[in-house]
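> just need the structure, nothing else, for what follows:
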Amino acid sequence: METTKEEYIKDLISSLENVKYIMPDDIPNIDLYMDQVTTFMDKHLKSSKRYSEDKLLTKTMINNYTKNELLPPPNKKKYSKEHMFLLIFIYYFKNILSINDIQSIFNPLTERYYKEGSSVKLETIYNEIFRLEKEQNESLTKDIVRKMTKAQEAFEGVTDQGDHDFLTTFSFISMLCFDVYMRKHMIEKMIDDCLMGESFKRSTGEVKKPETKKEVKPASKPTAKADVKTASKSTGKPVSKPASKPASKPASKPDKKITKPE
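Sure thing, here's the model as predicted:
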């Protein structure tokens, strides 16, 4: 039985509802070793995998996050509950933002709220963000239905059913991509203006724009031609052979015309 457009929309919405989030109470109150961290993430975020073999969080990823100062180093090879909060944020952010942008967000976050005695705890921040995201589900569902309806109306003049179905799908994907593009552009502008702007840096004295490492080109080796010129200047005489060739090499014999005996 062929699936109708209405049923297809319901299936899309249902797929969003099936994506599971890590609830605050799910996160252990004890410190975890690296293997325990990756196992926990695989168990609780497997619904967000596109393919079963996809890796959600690996040891290499976690080590790179620590190396790039997105994640504070573990304490005696153990990761705390606060580490888990940060890793979950990184997991969602890295699908949209560059590592440099995430670093610009996480530098003040960890500097202000990761340490003990901070005015607001990371757990409080995670709980509030989780609550806000749950509230968005309903508005997100309505927006998807509206976009799909617009896509279906875009090519009403196309009579071929196959062409119409393809163009409807293409229109729907394009609208979603444009939405993501605009939101990403807005996020990047907020990072540049609010987290990397001069006023923010003056007020905190902590956050700096990540410096881009300049590529250092190796010094070029002197060529044989350069050696010839140097030799010419030092002796005042023209040099017939490149300096790089060994002097002991025998001179080539003049070409002779060899004829076969008749």
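
> low-confidence bits of the stretch 51-200 of the chain, can you list those?
Flagging of the stretch 51-200 of the chain using pLDDT under 70 yields the residue ranges 196-200.

> switch to 50 and redo it
Where the stretch 51-200 of the chain drops to pLDDT under 50, the residues are 198-200.

> ranges for the helices of it?
Per DSSP state H, counting those that start in this stretch, the stretch 51-200 of the chain has helices spanning 59-67, 81-93, 99-113, 122-153, 161-190, 198-204. These are given in chain order.

> and the longest one with helix 81-93, angle?
I take that to be helix 122-153. Helix 122-153 and helix 81-93 meet at an angle of 20 degrees, taking axes from the mean of the first three to the mean of the last three Cα atoms, to 10 degrees as the criterion.

> can you check the fifth one too?
Following the same axes, to 10 degrees, one obtains 130 degrees for the angle between helix 161-190 and helix 81-93.

> now do the buried residues in helix 161-190.
Of the residues in helix 161-190, those with enough neighbours to count as buried (16 or more other Cβ atoms under 10 Å) are 164, 167-168, 171-172, 175. Any C-beta I mention is one placed from the backbone N, CA and C, and that applies to glycine too.

> among the residues you listed, which one lies nearest to Ala154?
Of all these, Ser171 has the smallest distance to Ala154: 4.7 Å, by Cβ to Cβ.

> was I right about the closest one contacting Ala154?
Yes - if you go by Cβ atoms under 8 Å, Ser171 and Ala154 touch, sitting 4.7 Å apart.

> number of nearby residues for Ile88?
Applying other Cβ atoms under 10 Å, we find 20 residues neighbouring Ile88.

> in contact with the closest residue to it other than its chain neighbours, which residues?
By the measure of Cβ to Cβ, 6 or more residues apart in numbering, the closest residue to Ile88 outside its immediate chain neighbours is Ile22, 5.6 Å from it. Contact analysis of Ile22 by Cβ atoms under 8 Å, 6 or more residues apart in numbering lists 44-45, 88.

> reformat the residues you listed as TSV; add distance to Val120.
As requested, the contacts of Ile22 are exported to TSV (distance: Cβ to Cβ, whole Å):
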residue	distance to Val120
His44	24
Leu45	25
Ile88	17
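
> closest to Ser119 out of these?
If you rank the contacts of Ile22 by distance to Ser119 using Cβ to Cβ, Ile88 comes first, at 21.7 Å.
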